[in-house]
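> This is a predicted model, with the sequence first.
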Amino acid sequence: MKILTGAQMRSIDRRTTDRFGVPSIVLMENAALAVVDAIFEHYPDCDRAAIFCGTGANGGDGLAVARHLENRGVVPVILIVGDKSRLEGDALTNLLICERLGIPMYDIRTSSDVEEAIVHAADADVVVDAIFGTGLDREPSGMHADVIRAIAELRLPVVAVDVPSGVNASSAEPFEPSIQAEVTVTFAAPKVCHVFEPAAALCGEVIVADISIPHAALDEENVTLSLITPRDVRPLIAPRLAATHKGTYGHVAVIAGSPGRSGAAILTTRGAIRGGAGLVTVMSDADTARLIHIGSVEAMTFAGNDVGAFLEGKDAVLIGPGLPDHDRAYGWVREVVSAIELPLIIDASGLNAFAGHAAEMNPRSLPRVITPHPGELARLLGNDASTVNADRIGSARQAAKLCNCVVVLKGHQTLVAEPDGRVYVNPTGNPGMASGGMGDVLAGLIAAFVARDIDPLDAACAAVYLHGFAGDLLKEEMGDTGLSAGDLADRIPAAIKRLRE
């Protein structure tokens, strides 16, 4: 699902009308119907509604909402914020219809009108916010700011049309003041503000409504930011056919673990096994291999240094979790990575080996995924974690191009970036997953998908969604504190089952 800026949405609207011939009044009518449906879904006992309308297209949507609410037995009152003589086109058409229907309507032309006008909204059950849409590019001021603050003082549930007024559609950072909505109904696709906090918190529950914008109108827009959805994941977790066996589902090779760090390797194998890998074998030193075998009896172990022999018959390789962090080990990792031609996932200490050597990670454009947290990504880029966190999307794009790999930037709203600049946002997961070992499970889960000959990008997107969804199931069961990576790995099969349903 594409994530749009305000400018991209306006371009799509124009293309829909000018090229594909869908009348703009049809889009407005469908948008209004979607908002009305959301009101009745969330507030089925609504008897009265106050609709605050601006003087642009968003206000026209609000006027159409008022018409349809009245048709369904709700008593609407319209409050127009600004000079209604500025309404034109489809918005003016809806204004004239509302006037002919005799729907109560009050003007807010100046700040001095706000207090008197807001009284007419006080007995409403629901407020509809249709003041500003996706075109807002500056902080609300004057009477508009006063109206936004007055709506907050009403303490009524707010349903926002497209975006809450005061929120910048193209940014995670809202303007001040902004409406706090309980429900936001947006059209065709989510906007940046609906996905990224703190703006997303002001949107409440976001409903993406189909208003008859053709898919082709969206596809022709150069959108490089998308949201991962269950629809993307389900084809990769389809029920298994009867006539299959462990060889059908791939053999994952894991190069991981060292004295005192066997846990990372164990959790990685559990992630791969719970993710559906047919076979998993871990290469480590002899002492660590014995501990790995105890901690993950389903996995096989290989004690030794002959990487070539170890990789025979394997379908995908994962290197890094729990490996030593020192220069000699880093040099060995770089040598091993340069020789591997199988699909490869690089995690943890495997990434640290490439600090200062990021361009050496994939010079032959082989199928590769890297899974850094912000600190590891900062070391690859030669900056610091605060710089990465200040622009996660830009940092992920930069790393994907520099490393020539699919990049999984872990954290709240994990990002998956391609070298061509496209970025995918994961909506699943919760703060309870902020504990050691979660990333090891994720790396193993990605490897399980890749070992089935799934494209690395698709594998990464499916794995991060499924990993977060398993964490959400665990939170439902146990709360958001004290969740362990092992517990999460054990919920992956249940997460697959739930997503299939």
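Looks like it came in fine. All values derive from a computational prediction rather than experimental measurement.
> among the helices and strands of this structure, which one scores worst on average pLDDT?
helix 114-118 (a mean of 92; mean pLDDT, DSSP states H and E).
> right, and the helix or strand after that helix?
Later in the chain than helix 114-118, the nearest helix or strand by DSSP states H and E is strand 126-130.
> Quick one: residues in contact with the least confident helix or strand of the chain.
Under the contact criterion C-beta atoms under 8 Å, 6 or more residues apart in numbering, helix 114-118 has outside partners L79, Y106, D107, I108, M143, D146, V147, A150, I151, E153, L154. Any C-beta I mention is one placed from the backbone N, CA and C, and that applies to glycine too.
> Would you mind checking the residues you listed for buried ones?
L79, Y106, I108, M143, D146, V147, A150, I151 (16 or more other C-beta atoms under 10 Å).
> So which of those residues belong to strands?
L79, Y106, I108 (DSSP state E).
> count of neighbours near the residue lying closest to I255 once chain neighbours are set aside?
Spatial nearest neighbour of I255, chain neighbours left out: I319 (4.3 Å); criterion: C-beta to C-beta, 6 or more residues apart in numbering. Using other C-beta atoms under 10 Å, I319 is surrounded by 26 other residues.
> thought I319 was touching A339?
No - contact between I319 and A339 fails when scored by C-beta atoms under 8 Å: they sit 11.4 Å apart.
> Contacts only, for the residue lying closest to I3 once chain neighbours are set aside.
Of all residues not flanking I3 in the chain, L225 sits nearest, at 4.4 Å (C-beta to C-beta, 6+ apart). By C-beta under 8 Å, 6+ apart, the contact list for L225 reads K2, I3, V192, I393, R422, V423, Y424, V425.
> For R397, see how far away L225 is.
Distance, L225 to R397, using C-beta to C-beta, to the nearest Å: 10 Å.
> now swap in D90 and tell me
The value you get for D90 to R397, if C-beta to C-beta is used, is 38 Å.
> which of the two has more neighbours?
Per other C-beta under 10 Å, whichever of D90 and R397 has more neighbours is R397, with 23 against 20.
> Please settle this for me: is G247 part of a strand?
No - under DSSP: H, G, I helix; E, B strand; the rest coil, G247 sits outside any strand and is assigned helix.
> can you count the residues close to the residue nearest to it when sequence neighbours are not counted?
In space, and not counting its chain neighbours, G247 is closest to G278: 5.8 Å by C-beta to C-beta, 6+ apart. G278 has 19 neighbouring residues, counting by other C-beta under 10 Å.
> Tell me if I'm right that G278 and E298 touch.
No - counting by C-beta under 8 Å, G278 does not reach E298; the two are 10.8 Å apart.
> tell me the angle the host helix or strand of G62 makes with strand 126-130.
Assigned by DSSP H and E, G62 belongs to helix 57-71. Orientation of helix 57-71 against strand 126-130 (axes from the mean of the first three to the mean of the last three C-alpha atoms, to 10 degrees) gives an angle of 150 degrees.
> what mean pLDDT does helix 57-71 have?
For helix 57-71, mean pLDDT is 98.
> Can you name the residues in contact with it?
28-29, 31-33, 35-36, 39, 49, 51-54, 76, 78, 80-82, 87, 89-95, 97-98, 101, 103, 128-135, 161-162.
> what's the answer for stretch 137-147, then?
6, 52, 79, 81-82, 108-111, 113-114, 118, 131-132, 148, 165-166, 168, 175-178.
> rerun at 7 Å
Stretch 137-147 is touched from outside by F52, V81, I108, T110, S111, V114, I131, I148, G166, F175, E176, P177, with contacts defined as C-beta atoms under 7 Å, 6 or more residues apart in numbering.
> swap in stretch 478-494?
267, 270-271, 274-275, 430-433, 435-438, 440-441, 445, 466, 470-471, 473-475.
> avg pLDDT for stretch 211-225?
96.
> Also stretch 160-174?
97.
> Ok, stretch 308-317 next?
98.
> Between the two ends of that stretch, what distance do you get?
Using C-alpha to C-alpha, to the nearest Å, one end of stretch 308-317 lies 12 Å from the other.
> This completes my enquiry, with thanks.
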